[in-house]
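**Student:** what's the 3D shape of this:
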Amino acid sequence: MELRKNQEITLKIDDLGNNGEGIGHVDGYALFVKDALPGETIRAKIMKCNKKYGFARMMDVLECSDSGRVEPKCPVARQCGGCTLQHLSYEKQLDYKEKKVRDCLVRIGGVSEEKVEWLPAIGMEMPWHYRNKAQFPVRMQKDESGTPRPVAGFYAGRTHSIIPVTDCAIQHPCMKEILETVLFWMQEQHVTAYDEASHRGLVRHIYIRRAYTTGQIMVCLVINGRRISGDLQRTLIEKLSGIPGMTGILLNINTDQTNVILGKKMQLIWGQEYIEDRIGEISYHISPQSFYQVNPVQTEKLYQTALEFASLTGEEVVWDLYCGIGTISLFLAQNAKKVYGVEIVPEAIKNARENARLNGIHNAEFFCGAAEEVVPRLAEELGGVRNLPGEEGNEAESETEKMSTLADVVVVDPPRKGCDGVLLDTIVKMAPEKIVYVSCDPATLARDVKLLGEKGYEVRKVRACDMFGQGGHTECVVEIQRKHI
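**Tutor:** Next up, the predicted model:
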């Protein structure tokens, strides 16, 4: 059957894709349909056809068989490109995420399903209003009278058209007041929003972070300009500083014609440059550009799982090779002899060192640079790193021999693209007994696991942890052990 754009068809949905979209087949040709669920027969309109797959829009559900469909909590859930699974019951969301992790590791990673301990996914007690960070694009849109007004919200799926939203069902409720305050200030003071086509207008994004345990709030306006005039800045501060928990107000300068949200220059205009939060017993200073998990309640469960998989006794040397601001490093340092953290972002390493001092942790040390460059250099400097700096050690004969004494445990928590290939080779040369891989993308995790499997490592335990309720993404922790032949 030859398919064409705008054609309407009847389609049986048999699976969910990587982002939670339904997948159906017509004579072996795959169609991806947002908002459709396995077990449903739908009427769909084809929107785009590629050579091997296409995209369709769901028009009606014709038949439904135990799909788990529920009414979305958010009135714009279908239009918005943020939440892709609000129409699926939370229990079924967890089943989907467990299956996605397992399928990737077995099909892509070559993992033996029988030899691995598959632990149940860690779900959320309250999968709403959990996010502590949001970046809202701002644009000018005409209201019912035809008057242009600033709006903020989220992009519709696969577009840069904004769905106006101030009361998001997964963001912390404080963000509604902040958004409406900034938008009112813009309307009152005739401040323009950014226009991508003309590269004109001042306010590009409203960036908000809130600390879960302290309630401290940071607001950053991303602007297409070098500054905001004195009167405008003063009225903005007057309006925002009165919001309970407000700790810092900043400007981010981004005058580039780019889709990258944050520019390189930050300017503090009120309060302090960071907020403070805690995970378990560890406190962290978080600056605007630092990576910090968006779901603080689940983050503690995720890191506790990583700690359990590491099986630390207090005698181990641990390396955290995507350490960020030291979140996992400091968590592990409570149970390790020594922790070394490596991160390529200078601001993050600065935060990590501050966080170690803040918590009185003296057995964690942080280095700035690419791990595949930093680790060999330190192997040369330390000459057998299980003998910590300041202790006498034996001289190794080669770089590989030196590196093989570096670590008992290596922890990685890479971005969605996974680990760099050179980094994986570096880890293998370090020859740790155990690798704990914290992943936010099961597909790149599986790719890296396959490479490590070819180098003498095998997966022992896997546990998904839902950090993104109502969305298709999932985190998981994998325990990987060195094989002894």
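
**Student:** check contacts around residue 287.
**Tutor:** When contacts are counted by CB atoms under 8 Å, 6 or more residues apart in numbering, residue 287 touches 273-274, 347, 351. (Glycine included, C-beta is placed from N, CA and C.)

**Student:** show me where the stretch 101-250 of the chain has strands.
**Tutor:** 117-122, 133-142, 148-155, 162-164, 203-210, 217-223, 246-253 (DSSP state E, counting those that start in this stretch).

**Student:** quick one: strands adjacent to the last one?
**Tutor:** What that stands for is strand 246-253. Next to strand 246-253 in the sheet, as set by DSSP bridges, lie strand 217-223 (parallel), strand 265-271 (antiparallel).

**Student:** touching the last one from outside, list them.
**Tutor:** Where contact means CB under 8 Å, 6+ apart, the residues beyond strand 265-271 that reach it are 220, 227-228, 233, 236-237, 240-241, 246-253, 273, 288-289.

**Student:** show me what contacts residue 445?
**Tutor:** Contacts for residue 445 were tallied using CB under 8 Å, 6+ apart; they are 101, 104-105, 109, 418, 437, 439, 476, 478.

**Student:** on that earlier part again, single out the most deeply packed of the strands paired with strand 246-253.
**Tutor:** strand 217-223 (a mean of 24; mean count of other CB atoms under 10 Å).

**Student:** tell me, which helix in this structure spans the most residues?
**Tutor:** In the chain, assigned by DSSP state H, the helix with the most residues is helix 90-107.

**Student:** return the distance of that helix from the chain's centre.
**Tutor:** Average the C-alpha atoms of helix 90-107, do the same for its chain, and the two points are 18 Å apart (CA atoms, centre = their mean, to the nearest Å).

**Student:** quick one: buried residues of that helix?
**Tutor:** Going by neighbour count (16 or more other CB atoms under 10 Å), the buried part of helix 90-107 is 90, 92-94, 96-98, 100-105.

**Student:** cool, and stretch 115-126?
**Tutor:** Under the neighbour-count rule (16+ other CB under 10 Å), stretch 115-126 has 116, 119, 121-124 buried.

**Student:** poorly predicted segments of the stretch 301-450 of the chain, please.
**Tutor:** Judged by pLDDT under 70, the stretch 301-450 of the chain has its weakly predicted residues at 382-402.

**Student:** for it, just list every one of the strands.
**Tutor:** Assigned strands in the stretch 301-450 of the chain, in chain order: 317-320, 338-343, 364-368, 409-412, 434-439 (criterion: DSSP E, counting those that start in this stretch).

**Student:** for the strands of the stretch 101-250 of the chain, give me a markdown table that also has distance to residue 197 and mean pLDDT.
**Tutor:** Shown next, in a markdown table, are the strands of the stretch 101-250 of the chain (distance: least, CB to CB, whole Å; pLDDT from 0 to 100):
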| stretch | distance to residue 197 | mean pLDDT |
| --- | --- | --- |
| strand 117-122 | 43 | 98 |
| strand 133-142 | 11 | 96 |
| strand 148-155 | 14 | 95 |
| strand 162-164 | 14 | 94 |
| strand 203-210 | 13 | 98 |
| strand 217-223 | 18 | 98 |
| strand 246-253 | 21 | 98 |
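
**Student:** CSV please, covering those and showing distance to residue 13.
**Tutor:** Written out in CSV, the entries for these read as follows (distance: least, CB to CB, whole Å):
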stretch, distance to residue 13
strand 117-122, 22
strand 133-142, 31
strand 148-155, 25
strand 162-164, 24
strand 203-210, 35
strand 217-223, 39
strand 246-253, 42
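
**Student:** nearest to residue 409, of those?
**Tutor:** Residue 409 lies closest to strand 117-122 among the strands of the stretch 101-250 of the chain, at 18.2 Å (CB to CB).

**Student:** show me what that closest one is packed up against.
**Tutor:** For strand 117-122, the packing partners by 3 or more CB pairs under 8 Å, 6 or more residues apart in numbering; DSSP states H and E come out as helix 90-107, helix 296-310, strand 457-465.

**Student:** cutoff 7 Å now
**Tutor:** With contacts defined as 3 or more CB pairs under 7 Å, 6 or more residues apart in numbering; DSSP states H and E, strand 117-122 has these neighbours: helix 90-107, strand 457-465.

**Student:** now do the shortest one and helix 90-107, the angle between them.
**Tutor:** Put plainly, it is strand 457-465. Relative orientation of strand 457-465 versus helix 90-107 (axes from the mean of the first three to the mean of the last three CA atoms, to 10 degrees): 170 degrees.

**Student:** buried residues, strand 457-465. List them.
**Tutor:** Per 16+ other CB under 10 Å, strand 457-465 contains these buried residues: 457-459, 461-465.

**Student:** I'd like the next helix or strand past that strand.
**Tutor:** Heading C-terminal from strand 457-465, the first helix or strand you meet, by DSSP states H and E, is strand 475-482.

**Student:** now do that next one, average pLDDT.
**Tutor:** Averaging pLDDT along strand 475-482 yields 98.

**Student:** now the angle between strand 434-439 and it, please.
**Tutor:** Comparing the axes of strand 475-482 and strand 434-439 via the same axes, to 10 degrees yields an angle of 160 degrees.

**Student:** parallel or antiparallel, list what pairs with strand 475-482.
**Tutor:** Strand pairing for strand 475-482, using DSSP bridges, gives strand 434-439 (antiparallel), strand 457-465 (antiparallel).

**Student:** what angle do it and strand 117-122 make?
**Tutor:** Using the same axes, to 10 degrees: strand 475-482 against strand 117-122 is 160 degrees.

**Student:** what strand or helix carries residue 58?
**Tutor:** Under the criterion of DSSP H and E, residue 58 resides in strand 53-64.

**Student:** then residue 23?
**Tutor:** Using DSSP H and E, residue 23 sits in strand 22-26.

**Student:** elements contacting that strand?
**Tutor:** Packing partners of strand 22-26 (3+ CB pairs under 7 Å, 6+ apart): strand 8-16, strand 29-34.

**Student:** kindly reformat those as a markdown table containing distance to residue 188 and mean neighbour count.
**Tutor:** A markdown table is the format used below for the helices and strands packed on strand 22-26 (distance: least, CB to CB, whole Å; neighbours: other CB atoms under 10 Å):
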| stretch | distance to residue 188 | mean neighbour count |
| --- | --- | --- |
| strand 8-16 | 45 | 18 |
| strand 29-34 | 37 | 20 |
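
**Student:** how about these in CSV, adding distance to residue 152?
**Tutor:** As requested, the helices and strands packed on strand 22-26 are exported to CSV (distance: least, CB to CB, whole Å):
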stretch, distance to residue 152
strand 8-16, 30
strand 29-34, 23
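
**Student:** can you tell me which of those strands comes nearest to residue 446?
**Tutor:** Evaluated with CB to CB, the helices and strands packed on strand 22-26 place strand 8-16 nearest to residue 446, the distance being 17.1 Å.

**Student:** quick one on the thing from earlier: and of the buried residues of strand 457-465, the nearest to residue 67?
**Tutor:** residue 464 (20.9 Å).
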